[in-house]
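Undergrad: Mind folding the following:
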Amino acid sequence: FPSHDTFLKNFKGKNVLLELTVFNDDATMLQRAYFRKVVVAEMQKAFYNSGESYTKEKTEQLCLSFCPDAIDERFNEETQRWQKYVLPLESLDKRQVSRVIDTIKQIAATEFNHFIP
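TA: Residues are numbered from 1 along each chain as shown. Below is the predicted model:
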């Protein structure tokens, strides 16, 4: 990575947009297993009991789409609109997966009267 002075000399007088991504600790295998084996399975039951039959894959995608921690929003200059992207579980860190699990448990309880252990 170039030094601060080298960086400034290379881009002097130019507009620069930097995007910095800081990667935190990855989610643990236990978190991912709990999410997929318990949370997704329980939400699949909750959906089924409310009249919707989804595959585990669709249920996982829906669960992630409900959680701000699993959403990446990007502004599209062409359309002048925000676009929403659901992130895969593997790209989330420990803290994000923990919040996703908590969010889904809350949704299950309040919206479906279904309690996830």
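Undergrad: which residues in the chain form helices?
TA: Using DSSP state H, the helices found in the chain span residues 4-10, 29-34, 40-49, 56-65, 94-112.
Undergrad: and Gln80, which of those is closest to it?
TA: Gln80 lies closest to helix 56-65 among the helices of the chain, at 22.9 Å (Cβ to Cβ). To be clear about C-beta, it is placed using only N, CA and C from the backbone, and glycine gets the same treatment.
Undergrad: re earlier: mind putting the helices of the chain into JSON lines with mean neighbour count and distance to Phe75?
TA: Listed next are those as JSON lines, based on neighbours: other Cβ atoms under 10 Å; distance: least, Cβ to Cβ, whole Å:
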{"stretch": "helix 4-10", "mean neighbour count": "10", "distance to Phe75": "26"}
{"stretch": "helix 29-34", "mean neighbour count": "13", "distance to Phe75": "30"}
{"stretch": "helix 40-49", "mean neighbour count": "18", "distance to Phe75": "30"}
{"stretch": "helix 56-65", "mean neighbour count": "17", "distance to Phe75": "19"}
{"stretch": "helix 94-112", "mean neighbour count": "16", "distance to Phe75": "21"}
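Undergrad: Now tabulate the ones you listed in TSV and tack on distance to Thr79 and mean pLDDT.
TA: Formatted as TSV, these follow (distance: least, Cβ to Cβ, whole Å; pLDDT from 0 to 100):
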stretch	distance to Thr79	mean pLDDT
helix 4-10	33	57
helix 29-34	34	95
helix 40-49	31	98
helix 56-65	20	97
helix 94-112	27	96
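Undergrad: show me what contacts the most centrally placed residue in the chain?
TA: In the chain, the residue lying closest to the centroid (Cα atoms, centre = their mean) is Ala70, at 1.1 Å. Residues counted as contacts of Ala70 (Cβ atoms under 8 Å, 6 or more residues apart in numbering) are Leu64, Val86, Leu87, Leu89, Leu92, Gln96, Val100.
Undergrad: and the gap between it and Cys63?
TA: Counting by Cβ to Cβ, to the nearest Å, the gap from Ala70 to Cys63 is 8 Å.
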